[in-house]
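*Asks:* model this:
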Amino acid sequence: MDIQLKMGCFDDAALVRRVVFMDEQGYENEFDAIDEDPNCIHVTLYVDGELAGCSRVFPEAQSVAIKGWESSGRRLPVSPACDLDEGVAAGETYIMGRVAVLPSMRRRGLASKIVEASDAAACDAGAKLIKLHAQEYVLPLYAKAGYAQIAPVDYEDEGQPHAWMAKRVEGGR
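*Replies:* Have a look, this model is predicted:
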């Protein structure tokens with residue numbers, strides 16, 4: 001199995017997100033202004049040249065700065081404060097999200113590889129802390145990658161159970 005990771009392939013990431021989040025899971029508001037921000041890093045994974053999965057990471061501060069976010073129908077992805085925030089400067093917290101693997105590519109450990117690549121991309125961009133708002137059923141995936149739950153399960157994302165998680169990382173420009 002030849003695995004290739006790419007950064008910046010939004011069209012491929014959008015295809016995966018449509019299939020997984022909209023077609024399969026029934027989400028309506030999958031895309032937002034963050035996707036078009038130049039600081040948003042789209043990660044895509046390919047197996048033997050075939051598109052398999054995706055994610056995105058971006059500085060948390062960007063989600064507040066982008067105009068028109070409210071009109072997208074989604075709430076601002078501002079994470080809850082936690083003990084891991086201590087010593088992290090403005091601009092050093094990144095948000096990971098939209099981790100998805102196409103149904104035909106599942107059960108191969110690919111989601112873990114996407115999370116690992118997303119962590120690395122955020123670190124390369126200067127992250128010291130990465131937070132995410134994960135669907136409840138995949139919390140064990142992130143826990144295995146070193147993330148800790150920092151808030152109780154909520155239903156703020158289209159009524160689906162999610163929980164905020166976070167992890168300190170070694171980043172810096």
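*Asks:* Need the single longest helix in this protein, by residues.
*Replies:* helix 110-125 (DSSP state H).
*Asks:* May I have it as CSV, with CA atoms only?
*Replies:* The C-alpha trace of helix 110-125 is given here as CSV (Å, rounded to 0.1, in the frame of the first residue of the first chain):
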residue,chain,number,x,y,z
LEU,A,110,-5.7,5.9,7.4
ALA,A,111,-7.5,8.2,9.8
SER,A,112,-4.5,7.9,12.2
LYS,A,113,-2.1,8.9,9.4
ILE,A,114,-4.3,11.9,8.5
VAL,A,115,-4.3,13.0,12.1
GLU,A,116,-0.5,12.6,12.3
ALA,A,117,0.0,14.6,9.1
SER,A,118,-2.4,17.3,10.3
ASP,A,119,-0.4,17.5,13.6
ALA,A,120,2.8,17.9,11.7
ALA,A,121,1.4,20.6,9.3
ALA,A,122,0.1,22.6,12.3
CYS,A,123,3.5,22.3,14.0
ASP,A,124,5.3,23.4,10.9
ALA,A,125,3.0,26.4,10.8
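*Asks:* Tell me the buried residues in it?
*Replies:* Using 16 or more other C-beta atoms under 10 Å as the test for burial, helix 110-125 gives 110-111, 113-115, 117-123, 125. The C-beta positions use only the backbone N, C-alpha and C, and glycine is treated the same way.
*Asks:* Run through the strands of the protein in chain order.
*Replies:* For the chain, applying DSSP state E gives strands covering 3-7, 41-47, 50-59, 93-101, 129-135, 148-149, 154-157, 160-168.
*Asks:* Could you list the single helix or strand in this structure with the lowest mean pLDDT?
*Replies:* Lowest on mean pLDDT, DSSP states H and E among the helices and strands of the chain sits helix 60-65, with a mean of 67.
*Asks:* quick one: low-confidence ranges for this structure?
*Replies:* 62-77, 171-173 (pLDDT under 70).
*Asks:* Tell me what the most centrally placed residue in it is bridged to.
*Replies:* For the chain, Gly97 is the residue whose C-alpha lies nearest the centre (C-alpha atoms, centre = their mean; 1.6 Å). Beta bridges link Gly97 to Arg56, judged by DSSP bridges.
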